[in-house]
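K.L.:
coords below, sequence missing:
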């Protein structure tokens, strides 16, 4: 084998990289187990444990926080949580930019563009411009958008193209603002490992929140409007004495209620000095031990403090409960640092400090107009600590000194310093009203600080150097580029009155997530074991073990690469890995079958193996590449778990090519060199002679072969008209709820009970067990009111009261009986449906085009296209014929489309092998009759076709039976595809290619260049 050294080096390096990235998952697993043992069921303690070790280096110089970021992440379908896709209301953005212009054509164009968006591939802004022109061809967009706020960018002379360009920039800015606001809110929500990302579709943002147990709170959090404010502030030196009094008052209150006192003591971590003013107060925190350090000491990672030091910490906690949790802002010498920052606290202590400061007795000893707000980000000195700001409330009604809606623009740019270097700054512009108020505010606070607050969190508190007139300000502060951009986005968030709506939502309970993990692991292990046994039974112990070793390496490489690119492992992803195993075997089956042919031709083992690998290479390459192409199409058009499936499929196929084609050959060559292989025939007593030399006249049966799929498709077409397809909410819009009762229930009774509450728009099916149902409804699906989800749950609770134990409350029903929920809005459903259609069309044409390029024969390309189309239509036919008969959900949704695309790739995989053999035979025997060439090719590859199809069928069957109800329809479609795809290769694709080639040959025979092909 050529380049053997390169393959070895590459494989070793890849193995090391995979081991490196996978190691983080094992490390974090250990710490998660320790946290669970320490917390003993208390989630707050578990979170505190992990937070306290977040900055400690635990593995290869990486901190625990970094390790958790690099581990293999489980999808929400495996660990439970909430998945939400939010959509920015672009019409609201345009209304805001136009200063809520009441022009009837403008508002009519907004409505018409929104209606067209569902069925158009153009973005909303382009559609709006078209509709506005239709309503008034002579009108110019500048007349609508040349407002005071945009006067520097849009004038009355601006062209429509220039206006549209500005609108696009402003819309992108609004999306960025929404993204940053959402990211900050999610960070404050306290979710472990949240994920938020922009989607390709303009205005949509994906949010994934693992382990969320309060979906209603999350909905309100995500859809609430941003609230930007400017506040005056106190300096710590001005309220220090009152804080000392508050600390002493709090100590008395807690001593009066000793059992309620918190016994934990907290001191600053390294890098932040404790506040100590021994002259004024006699307080010092020099020897206190933080909660984090106490934990480390318990783990044996730090020097254990003495009993005297622990006793001192406990005594300090009792005497100074506020300062034990809140470290005052002081320098290393104990002097108070001027400024609005009162102090620092661990995230775990923030709620307690807020509760302390809001107690009536504590507020009574503090200035009446002081309020406290936390920083949005941790301190630069220590990322575990947050800053507490002292805000001055100057208006009697409690409103801020200035609201953020006066800001018209904010950009991150650079200011030129005297020494010649540029420094990052944020330039802010206000409207006329804001400029006047800002001038008064800055004049009254020269030398003081103004806090910039969004969603009640302080983003920055710049010092006012001079009175600022004209509404233009520059904010400096040694910002990094990202910090300056973030602050600019925060300032701009106050001007854009654009709402954010949930267009798709999935809520999965932790119990369902654990069940999905169990089902996925069991199906994976069983499929792997069966596959390993099958290879040993068919090809012998040693060849089987070599293939099995390649399969294990394939799994290792697949998981390692997934970890390195931070891919999320979902339940469909596990199915993708299992399916990849079945397809990975195909390469070795091809090699072994070709090697058996060479052995039957009388060649020695070494030569037969060499020729087997050589002759099988092109078929393996083509078949894997076509499947990878369908995986890429699936990744482009899929979302969420479907992308996870596509990712694992692509990575697994590439890994299988390395392990099956190259690494197994290196093993064989090493064994042959050491003369360890003797009497290897790649057969066993069970498989010897099986399909060794079949003589099936496939082409003579082609007319019957055509008739069967045609009949199935015709029956499906009739059923489509009479029964139709069971379209899921992915395509229609609606809500799904999986509800688990304490006893078995009948679906018709549940449906009747809910119909009156949900106005008849409801369907109910059994999921997995008789006590678990899935309720589907499109009731109020177009309503964007944040409370609508709660209202629907309330309606279901009322309808299902008789099925619940007596005394069950609404909250208990939502938390304990609703195991998961899913929502897809109308606009999202339309996009998913359009994407699915385009994905199927693109996949079919990609396959046909690749075959045309690869084989340079239109006959093969047409045969592939018709075969794939027939396979796809047959699967649709079975779904419309069987969805009311079979005892599981057979919905047409995203997972079904993913299955169809997988089947397209798989059926091409099989067809390519036959076509490759035909091409090889034609090149070897150019004058042989085409009928014989094609028939012989079908027979000579029949053993490979059977072994590959059967092994794939077995592993998919394992997933179908054991993989869980959520992917049962997905795997059933693939099972059908394996059978129908194999049939189509033998009786559709190849015979059609023959028909076309026969006509071509006969035409050439008329001219006397070739012999006429057999009919």
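P.N.:
Perfect, thanks for sending it. All values reported here derive from a predicted model rather than from experimental measurement.
K.L.:
need the contact list for residue 130.
P.N.:
By Cβ atoms under 8 Å, 6 or more residues apart in numbering, residue 130 lies in contact with 113, 122. (Glycine included, C-beta is placed from N, CA and C.)
K.L.:
Now it: which helix or strand?
P.N.:
helix 124-135 (DSSP states H and E).
K.L.:
so for that helix, what's the average pLDDT?
P.N.:
The pLDDT scores in helix 124-135 average 90.
K.L.:
Quick check: what element follows that helix along the chain?
P.N.:
Taking DSSP H and E, what comes next after helix 124-135 is helix 142-145.
K.L.:
And the helices in the stretch 551-700 of the chain?
P.N.:
Assigned by DSSP state H, counting those that start in this stretch, the stretch 551-700 of the chain shows helices spanning 571-600, 605-637, 641-657, 664-673.
K.L.:
Which residues outside the last one are in contact with it?
P.N.:
Contacts made with helix 664-673 from outside it, assessed by Cβ under 8 Å, 6+ apart, are listed as 1, 4, 7-8, 546-547, 549-550, 588, 591, 605-606, 609, 613, 677.
K.L.:
and which of the residues you listed is nearest to residue 85?
P.N.:
residue 550 (39.3 Å; Cβ to Cβ).
K.L.:
Helix, strand or coil: sort out that closest one for me.
P.N.:
What DSSP: H, G, I helix; E, B strand; the rest coil gives for residue 550 is helix.
K.L.:
and it, how far is that from residue 951?
P.N.:
Counting by Cβ to Cβ, to the nearest Å, the separation of residue 550 from residue 951 is 14 Å.
K.L.:
Once you drop chain neighbours, what's closest to residue 142?
P.N.:
Distance criterion Cβ to Cβ, 6 or more residues apart in numbering; nearest residue to residue 142, sequence neighbours excluded, is residue 158 at 4.4 Å.
K.L.:
no, scratch that, I was asking about residue 71
P.N.:
residue 25 is the one closest to residue 71 (Cβ to Cβ, 6+ apart), at 4.2 Å.
K.L.:
how many neighbours does that neighbour have?
P.N.:
Neighbours of residue 25 under the rule other Cβ atoms under 10 Å: 16.
K.L.:
Might one say that it is in contact with residue 562?
P.N.:
No. The criterion here is Cβ atoms under 8 Å, and residue 25 misses it with residue 562 at 10.5 Å.
K.L.:
what touches both of these two?
P.N.:
What both residue 25 and residue 562 touch, as defined by Cβ under 8 Å, 6+ apart, is the set residue 72.
K.L.:
Which per-residue confidence value corresponds to residue 280?
P.N.:
Listed pLDDT for residue 280 reads 29.
K.L.:
Could you list the buried residues of the helix holding residue 130?
P.N.:
If you call a residue buried by 16 or more other Cβ atoms under 10 Å, then helix 124-135 has these buried ones: 124-125, 127-133.
K.L.:
Between those, which sits nearest residue 449?
P.N.:
Nearest to residue 449 out of the buried residues of helix 124-135 is residue 125 (Cβ to Cβ; 40.0 Å).
K.L.:
Can you say which helix or strand has the residue nearest to residue 71 in it?
P.N.:
Assigned by DSSP H and E, residue 25 falls in helix 4-39.
K.L.:
ditto for residue 758
P.N.:
Judged by DSSP H and E, residue 758 forms part of no helix or strand.
K.L.:
Can you report how many residues neighbour it?
P.N.:
Neighbours of residue 758 (other Cβ under 10 Å): 19.
K.L.:
doesn't residue 894 make contact with residue 642?
P.N.:
Yes. Using Cβ under 8 Å, residue 642 is in contact with residue 894, at 5.3 Å.
K.L.:
residues in contact with the residue lying closest to residue 532 once chain neighbours are set aside?
P.N.:
Excluding its sequence neighbours, the residue lying closest to residue 532 (Cβ to Cβ, 6+ apart) is residue 548, at 4.4 Å. Contact analysis of residue 548 by Cβ under 8 Å, 6+ apart lists 532, 535-536.
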